[in-house]
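Engineer: sequence-free structure coming up:
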């Protein structure tokens with residue numbers, strides 16, 4: 001799937017800056033991979049502090065994820 005995504009980048013953004021665009025894309029993915037789990041954990045910890053019962057702890061994180069993209 002990533003290969004297909006990389007193959008379509010020049011079609012949408014042009015071929016002149018394809019290297020820079022791929023670099024920014026990889027940087028964004030890496031940042032999301034590092035920061036994302038921490039954000040989910042912070043939301044979960046806030047729900048635990050608010051007294052949310054165990055089975056519904058991740059409901060808020062799924063809501064944020066579904067509406068952010």
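Structural biologist: Good, I have the coordinates. What you see is a predicted model, and the numbers here were worked out from it, not measured in a lab.
Engineer: all helices for the chain, in order.
Structural biologist: Applying DSSP state H to the chain gives helices spanning 2-13, 18-49, 59-68.
Engineer: want to throw these into a markdown table with mean pLDDT and mean neighbour count?
Structural biologist: Bear in mind the C-beta positions are built from the backbone N, C-alpha and C, glycine included. Formatted as a markdown table, the helices of the chain follow (pLDDT from 0 to 100; neighbours: other Cβ atoms under 10 Å):
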| stretch | mean pLDDT | mean neighbour count |
| --- | --- | --- |
| helix 2-13 | 81 | 10 |
| helix 18-49 | 89 | 12 |
| helix 59-68 | 61 | 11 |
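Engineer: mind checking how far residue 23 is from residue 6?
Structural biologist: As judged by Cβ to Cβ, to the nearest Å, residue 23 and residue 6 stand 12 Å apart.
Engineer: Same question for residue 46.
Structural biologist: Residue 46 is 37 Å from residue 6, where distance means Cβ to Cβ.
Engineer: try residue 29
Structural biologist: In terms of Cβ to Cβ, residue 29 sits 11 Å off from residue 6.
Engineer: Over to residue 52?
Structural biologist: According to Cβ to Cβ, residue 52 stands 40 Å off from residue 6.
Engineer: Of all residues in the protein, which one is nearest the centre?
Structural biologist: Centroid check for the chain by Cα atoms, centre = their mean gives residue 32 as the closest residue, at 4.8 Å.
Engineer: Contacts only, for residue 58.
Structural biologist: Contact partners of residue 58, counting by Cβ atoms under 8 Å, 6 or more residues apart in numbering, are 40, 44.
Engineer: Could I get the pLDDT score of it?
Structural biologist: pLDDT, residue 58: 75.
Engineer: measure it to residue 49 for me?
Structural biologist: From residue 58 to residue 49 the distance is 15 Å (Cβ to Cβ).
Engineer: Repeat that for residue 2.
Structural biologist: Noted for residue 2: a distance of 37 Å to residue 49, by Cβ to Cβ.
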